[in-house]
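K.L.:
Predicted coordinates and the sequence they were generated for:
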Amino acid sequence: MNRFVRMTLAVGATLALTQALAVTRGGTLVYGRYADSLFLDPVLNDANLDIWILTNLYDTLLQPSSNGKGVQPGLATNYTVSSDGRSLKLTLRPGIKFADGSAITAQDVKWSLDRARKPDNGDWSGSLASIDSITASGGTVTLALKRPDPTLPAALATFNAAIMPQKLFEAAPGKNDAEKAKAFAEKPIGSGPFVLSDWKRGSSMTLKRNPYYWKKGADGKALPYLDAIRFEIIPDDNTRILKLQSGEIQGAEFIPLARVNELKANPKLNMQLFPSTKVNNILMNNRPKLNNGSANPLSDVRVRQALNYATNKDALIQIVTYGTGKPMKSYMSSTTPLYDTTQKGYPYDLAKAKQLLAAAGFANGFEVSCLATSGSADDLALLTALQQMWGAVGVRLKIEQLDAASKTARYRANDFQMRTAAWTNDINDPSQITTYYAIYDNVESVHTGFKNAELEKIFAQSQQETSRVKRAAQYRQIQSIYMNAAPIVFLYETPYPVALQKNVKGFVQIPLGNNIFTETYLDK
Amino acid sequence: MTTTAPTTTGVPRARSRRRVKPTLALGLVLLVPFVLAALAPRLLAPYSPTDFDYSAILQAPSAKHPFGTDNFGRDVLSRVIHGTRVDMQIAVFTTLFPFVFGSLLGALTGFVGRWADAVVGRVADLVVVFPFLVLVIAIVAVLGPGLTNMYIAVSAVGWVAYWRLVRGEVVAHKQTEYAQAARVLGFSPTRVLLRHILPNAITPAIVYLMTDMSLGILLGASLGYLGLGAQPPTPEWGVMVADGKNFMVTAWWISGFPGLALTLAGVTFSLIGDGLADALRPRS
Amino acid sequence: MTAVEGDALLDVRGLTKTFPAPQGLVDRWRGKPRKVVRALTDVDLTVRRGETLGIVGESGCGKSTLARCLVRLYPADRGSVRYAGEDVLSLGGDELRRYHRRVQMIFQDPFSSLNPRMTVGQVLREVLTVHRLRPREGMDARVTELLSLVGLPAEAAGRLPHEFSGGQRQRIGIARALALEPECIVADELVSALDVSVQAQVVNLLLELQEKLGLTVLFVAHDLRLVRHLSHRVAVMYLGRVVEVAPTNVLFERPAHPYTRALLAAAPHLDPAHRVDAPALSGELPSPLDVPSGCPFRTRCPHAFDRCVTERPELLDVGAGQQVACHLFDPAASAGGR
Amino acid sequence: MRATYVLKRLLQIIPTFIAVMVIVFLLVRLLPGDPASAILGDRATPEIIERTKRELGLDRPIPVQFLLFAERLLHGDLGESSSLKVPVLRLVAERLPVTLFLTVYAAVLGVILAVPLAVLAAVRRNTWVDSLIRGIFQVGLSLPVFYVALQFLTLLGAKLAWFPIGGYGEGLGGHLYHLFLPALTLGFNLAAILLRTLRSAILEVLTAEYVEFARSKGLKSAVVMSRHVLRNAMISTVTLLGLNVGALIGGAVITESVFAIPGVGRLMIDAIFGRDYPVIQGLTLVFAVLVSLVFLVTDLVHARLDPRVEHA
Amino acid sequence: MSAAESVLRVRDLDVRIPTPRGELHAVRGVNFDLRPGEVLGLVGESGSGKSVTLRALLGLHRKPVRVTGEVTYGGHNLVGMPERKLRDVRGAQISMIFQEPMTALNPVLTIGEQIRENLREHRGVTGRAALARATELLDLVGIPSAATRLADYPHQFSGGMRQRAMIAIALASEPRVLLADEPTTALDVTIQDQILRLLLRLREQLGMSVVLVTHDLGVVAQTCDRVAVMYAGRLVETAGVTDLFRQPRHAYTLGLLRSLPDAGAHRRPLRPITGSPPDLRDAPRGCAFFPRCAFGTDACLGAEPPLVPLSGERATACVHHAQLPAVGEVLV
């Protein structure tokens, strides 16, 4: 569900709102999260729980532009690409400081980027893979590239390329980078608009305003507007909403879609459906055998196709997303560039599903288990609906409820048969999701075990392709192959449902999922 | 036998019929629908407990759906009825093994005494040091969620109460003169224990069994609510309350009726327990 | 009023029984010797065939423990009990069962001595079945017979204990013991829980049965009047010891032991004309956890002297079938305080 | 209270602690597979598992493992949470006060509810007042804690907004205010248990001869009630309260989950869903130690209230 | 006996106790007077209503037990008197002691506290004075080293000592009347002997009147001045103690005395009263003793015979009192 390269920012309109005339400074925003962050290191973390709030703590050289189509200055005031495209030079903003008041130097930048691109370091080092070497001198940082890479500016606007204080990091206790990172992340000092001030694991996290943040607000003074944000960890959806309704918290993420309409009708609340690149699907383990050694019916493509046919997406959208979603017709969201609009997906066709199952030797169906996120009404709704739908073709679905973290852990170990999943892009390009969903060597095609030589060949070509038209044709092929192989159950696309008090302004969850509190304020 | 013969009128009339206590009667009456629902849910439930009806989502109670429908259009009444079987099964399975095992062990150690009693006593002391729910949850955590593992966990912990009860009673009854008389009459220890002491000593355990059944249902429902007990879409009342909690404000009936059923089942067992306590007490 | 001069049916020698007192962990770790309740100490006693031997004493004197040791309800620590020459304390299994057929016990409490869940008929039939005393066909007749023996109607067989009065329950208890056709009955406070008017009914029953069946009876009681009425001989116990044994008339008319004398004097006399102002005995019974050295009675005895502290008096014959455990009666000693 | 009695009770708790350690130690060994993978979670690489095994001594014989485990425990090392990546002891230290506050609060509310009503029910026994009180608590006993919690949350918290939905609040007042509903939920349940026993205890004491003696002395009813009846009935209440600490903690686990209270109960549930075995292990141990300490205190208080205990 | 010289005057005392199986009419029209300084024995078998009567005198019965009639003390009827006023008499003027000292003493209060509670309530004595008085009282009832034992709890006392302590508590308010409910039944003979002597001595010293409830005729013979015999909730005979034992004037009293073992008749059958007492849930017709009586005739049926005065201080409710033989005479 994570990894992402960000950059879409189809949120210009929302951002524009935040530039409203009068802003109010001060106050603490209490925001209800469904789970706590685990590891506040930009490079070594591995979950959205971390990623979606990291940019509040660590700033990057570039930032996604407000229209989402490009980048804008961050810690660097500008960048220039050499004519041969093999070098990129960044000029640092003068006078920038870390949250402890110490200056951010070019050496910090070099060190941070070197750490982030080290091949063993974290899941995102690949985004900076084109960098050959980095030189820092005075206020400039020069990146020497192995090959031209048009996605690099976007990559530099991504969380893993965040700038960290080298000295403080290295002063942290620990024998190696991993241990130091762990110690440092307990009480991180970064370059973002906020700084961690208190963290009670699993219960609450408080971020305080970083007084040294460089960016100015609408009133001409330094951002952020808020004095502090307190994240309260409230795993139970119902409790989170009740607390929002009673005014104890000012915002709540992951509102169950079932309750969107109810909250929309609440005059005290602002029920937001932030546009997203989120696709919801069910990952299937495509391997012939499961971890426990038993045979896996899902290894048969006909079975996987059958399940797709047996899935009534329109019904699911009504039941599970309460009409807020739309059917998935490719593995990528329809908002992703190079999405193939001619894809048909799998229409609901029980007869075909039965026929395919019979052909695969499962005329009487089989039992299959699916990991779900505990307490998530959406997961439960989805899976109980699927139980019903698949039951019609004899497939008996078992639901295994797990918390987000261990669900992730299970699937990383390929120890699952099915799992509910969702994906959000981190970068405004189809290559990221493709790398994850379709390319085996990266993460075993999101641990489905799917592998297709032809697809991988076309993808490799597309990564070199500069012509947008040709690349689109390649992606059409890729999407078709993937669709036929059906390594996943294609479900639907959904927005980010966030409910806020009416007086909370300027908050945005960008399509890539990041929570941006930089310009958030509490209206009087 | 001239001087000693008492008049036969001195033998009071046997009061052959015992009046059934109102609590017991009420409890038994309340039990009837639960038993029926548990035995023949299909006959009683108007709809399937699991089938969706997208045309009837979140409907308030009506003639068609007396308990309303949930967010999948499932008939809440039918789910409550089908849930009866699950929850009654929980009531029985969470108590049966502890009752049998704990009572037998209590009878044995209470009767034999000495080291066996001391050893089991220590083990029991130890088990009660762990909060019941916490230990059950911990065991379920290790073994994995689900009803079977819940039964295992409850059995590992639940026997202590019965052991204590029965052991205490057996020790007390062992001292009674009728138990001593049985020994002097040359009866074997087995006969003294099984025929004389146990029938008298088991009563509190039987009464407690009823209370325990209501506690068992509550425990099963609690674990179901927490996601550690019965797994969806099993129509278990605790799971149903959990399913409906998102709709407490807009559709109270989804969690309201299963909650009511839970409470009513608890009250029913308590009433029967109280009634049995009266009914089983020997006259003196 | 003569004592029956039969042979010794039950012969008790040096019978000793202690009960461990509860002891805390700390004391155990400190290695403190475990305290014991001395219930019986070196009890010597003979019960003759056909006689009624009364055993009297105050609570804690060990009379009930003695009764229970004799029927093997309690294991004795030391000593011997011989029944018609057979070593009772070593009996096991079938031998013990045969012993119980010959020696039966009747209990004190009419409310707890019957299993509340068994009808009278079930109680009696069980005894007959376990001991295979009657074939199935003859069982009902025998039950009726036993009931009529104790003066209860045949229909009593179908009833539960709670439907009977206290006196009737004691009759049932007697019938249960008689079902085994025993030679010897140990009656522990048989009538002390009953009202006076009913006591007499049960006492009469006992007398009658004894005559009819030739029973030997060990009559344990604290009611001196009853013991005097029923017993051929009487043993007086104090703090786990037998302090005096004598034929009934001797004991009541010429009590020897200072304790016996005090006991008799303390029993309220039925004649209002016989009033005494001072109590017969001052002081309290010492704790059985802490029995005085020497003579157990010395702490309350008006005649106690040095020797009573150091030396335990043995039960000595003083003539006329009377035995006393008191230094005052030791011919070897010079002191004669009678 | 004699020192030897206190000492005796303190000594008795040592074997309990040892046995608790054994059980908790064995608990994780019930898991299929080896404890190292369980502790580290499924994401650990074989090398990390091997290293952890060595570090934790899991390659040693079981008894040695236990001694190592015990040694770490005695140093206050409960291991590290596999999901939150922090020492379990720190988590416990952060959250135990919340749970303790909640349970004590609940116990106080329970007693406040139960005692006067039990007295009333006992004094008015077999009247409609008695029936009403007993009926209400009979139902109370049958009401699932999570259900009551949900209702309180929805009605008193969300609809009427009299109380906060959850959390712990700041300062004593904040704690009292924030934890009122959860404590009431638990307290009501506890009161239902207490009331039943207390009522019969009072009834029993009321018929005791010493109460009759006290009345025959011409003492005021209030004096008879407080000095003679309640003082004796409280003995059983204190014992009952102590015995029910387990139930209270069990209830806290559920209430904390419903009310989003950052206590150890919720930590336990989170840990179970996170398969965080070190936390489960640590918390089970902490709970058991806590309960045995409560039992100890109960015994001491009991001995204080009932002079017969220590002399027995 | 005139009402004027009686300390306590009881008239038409009725006690009704509701039970699940019907109302138990436990005490039925009891009349008697207690004279200054006398020990009045109230004798009867279990269920005869003697203890219920005693409790009714102090108003100890609680709802739903119903007490009617008159218990006059100091010119006031105690029956139906409000609790607040009753407390001036109860414990202050009239004290009571119970059968089981183990259960009648509050186990969680020291003996000293239980005495001082009384001193505070009725004598207004507190503090050091109360302590001194409490020691004095324990001393009075013959508890050795009284001062140190004040701090002891009841369970640290032996049975006899507990009974002494209870007497001390009851006497703290220097009452004029002591009601004793089987005070020695739970005790051994030698201790019973001590306690009875103690009661008699205290009666002398303090000039109290005592009502002694007992079932033991020996205790009556040794302790009481006058005796009232109860049967089935009624007084059936009252008499001076010597008269009663010499010549009972009620068939029941005669039966009781006769059923006792006689020293002269070793191992001879006793003469029990046949049958058992009536169930007081159904009111007896005629004399309640009739079904068990050897002397009964049709004259005993009809109205229940009232307690009628005979010569001297005696009264009987037996129709055939004139025909009754002496205790020793053999029946035909």
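P.N.:
Sure thing, it's come through. Since the structure is predicted, the reported quantities are computational estimates derived from the model, not experimental observations.

K.L.:
For the residue in the stretch 51-200 of chain A positioned nearest to chain E, give its distance to chain D.
P.N.:
For the stretch 51-200 of chain A, the residue closest to chain E is A:Lys200, as judged by CB to the nearest CB, at 45.3 Å. (Glycine included, C-beta is placed from N, CA and C.) Distance, A:Lys200 to chain D, using CB to the nearest CB, to the nearest Å: 5 Å.

K.L.:
tell me the SS of the residue nearest the centre of chain E?
P.N.:
Centroid-nearest residue in chain E: E:Val213, 2.3 Å away (criterion: CA atoms, centre = their mean). Assigned with DSSP: H, G, I helix; E, B strand; the rest coil, E:Val213 falls in the strand class.

K.L.:
I figured it hits E:Thr185, correct?
P.N.:
No: E:Val213 lies out of contact with E:Thr185 (CB atoms under 8 Å); the separation is 9.5 Å.

K.L.:
related to what we said a few turns ago, how close does the closest residue to the residue of the stretch 51-200 of chain A closest to chain E other than its chain neighbours sit to chain E?
P.N.:
Excluding its sequence neighbours, the residue lying closest to A:Lys200 (CB to CB, 6 or more residues apart in numbering or on different chains) is D:Glu94, at 5.4 Å. Per CB to the nearest CB, D:Glu94 is found 41 Å from chain E.

K.L.:
how about D:Glu94, what does it touch?
P.N.:
Contact analysis of D:Glu94 by CB atoms under 8 Å, 6 or more residues apart in numbering or on different chains lists A:200-201, A:203, D:262.

K.L.:
Flag the shaky bits of the chain, pLDDT-wise.
P.N.:
Defaulting to chain A. A:1-21, A:65-70, A:374-377, A:403-405, A:428, A:466-468 (pLDDT under 70).

K.L.:
Correction: the question concerned chain E.
P.N.:
Looking at chain E by pLDDT under 70, you get E:1-4, E:263-264, E:328-332.

K.L.:
residue in chain A nearest to chain E?
P.N.:
Counting by CB to the nearest CB, chain A gets nearest to chain E through A:Ser203 (44.4 Å).

K.L.:
That residue: neighbour count?
P.N.:
24 (other CB atoms under 10 Å in any protein chain shown).

K.L.:
Give me the distance between it and D:Tyr168.
P.N.:
8 Å (CB to CB, to the nearest Å).

K.L.:
if I pick the residue of the stretch 51-200 of chain B found nearest chain A, what's in contact with it?
P.N.:
The minimum distance from the stretch 51-200 of chain B to chain A, using CB to the nearest CB, falls at B:Phe52 (5.2 Å). Residues in contact with B:Phe52 (CB under 8 Å, 6+ apart) are A:319, A:385, A:388, B:72-74.

K.L.:
start to end distance for stretch D:201-219?
P.N.:
21 Å (CA to CA, to the nearest Å).

K.L.:
Checking it against chain E, do any of its residues make contact.
P.N.:
Yes: Stretch D:201-219 is in contact with chain E by CB under 8 Å from any CB of the partner chain, via D:208-210, D:212-219.

K.L.:
okay, those residues in JSON lines with neighbour count next?
P.N.:
JSON lines is the format used below for the residues of stretch D:201-219 next to chain E (neighbours: other CB atoms under 10 Å in any protein chain shown):
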{"residue": "D:Ala208", "neighbour count": "18"}
{"residue": "D:Glu209", "neighbour count": "18"}
{"residue": "D:Tyr210", "neighbour count": "26"}
{"residue": "D:Glu212", "neighbour count": "23"}
{"residue": "D:Phe213", "neighbour count": "27"}
{"residue": "D:Ala214", "neighbour count": "26"}
{"residue": "D:Arg215", "neighbour count": "24"}
{"residue": "D:Ser216", "neighbour count": "26"}
{"residue": "D:Lys217", "neighbour count": "26"}
{"residue": "D:Gly218", "neighbour count": "25"}
{"residue": "D:Leu219", "neighbour count": "23"}
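
K.L.:
surely A:Asn312 meets A:Tyr348?
P.N.:
Yes: with contact defined as CB under 8 Å, A:Asn312 reaches A:Tyr348; the gap is 4.3 Å.

K.L.:
Looking at these two, which has the bigger crowd around it?
P.N.:
Applying other CB under 10 Å to A:Asn312 and A:Tyr348 shows that A:Asn312 carries more neighbours, namely 20 against 17.

K.L.:
how about the more buried one, what does it touch?
P.N.:
A:348, A:389.

K.L.:
Next up, phi/psi of it, please.
P.N.:
phi -90, psi 90 (degrees, to the nearest 10).

K.L.:
Longest helix in chain B, please.
P.N.:
helix B:76-112 (DSSP state H).

K.L.:
Any idea how many residues pack against the closest residue to E:Gly207 other than its chain neighbours?
P.N.:
The shortest distance from E:Gly207 to any non-neighbouring residue, by CB to CB, 6+ apart, is to E:Gly37 (5.6 Å). For E:Gly37, the count of nearby residues is 15 (other CB under 10 Å).

K.L.:
Need the residue closest to the centroid of chain C.
P.N.:
C:Val220 (2.9 Å).

K.L.:
can you pull the contacts of it?
P.N.:
So C:Val220 contacts C:54-55, C:63-64, C:66-67, C:186-189 (CB under 8 Å, 6+ apart).

K.L.:
filter those by proximity to chain B?
P.N.:
Okay, of those, nothing touches chain B (CB under 8 Å from any CB).

K.L.:
C:Gly151: which of those is nearest?
P.N.:
Taking CB to CB as the measure, C:Gly151 sits nearest to C:Ala187 out of the contacts of C:Val220, at 16.7 Å.

K.L.:
surely that closest one meets C:Thr216?
P.N.:
No: in this structure C:Ala187 lies outside contact range of C:Thr216 using CB under 8 Å: 11.0 Å.

K.L.:
So the two - more neighbours on which side?
P.N.:
Per other CB under 10 Å, whichever of C:Ala187 and C:Thr216 has more neighbours is C:Ala187, with 28 against 23.

K.L.:
Need the three-state assignment for the residue lying closest to E:Gly159 once chain neighbours are set aside.
P.N.:
Spatially, and ignoring its direct neighbours in sequence, E:Gly159 is nearest to E:Leu187 (5.8 Å; CB to CB, 6+ apart). Classification of E:Leu187 by three-state DSSP places it in coil.

K.L.:
count of neighbours near E:Leu187?
P.N.:
23.

K.L.:
residue contacts, it?
P.N.:
E:Leu187 neighbours (CB under 8 Å, 6+ apart): E:159-160, E:163, E:195.

K.L.:
What about the residue of the stretch 51-200 of chain B closest to chain A? Give its phi and psi, please.
P.N.:
Per degrees, to the nearest 10, the backbone of B:Phe52 is at phi -80, psi 150.
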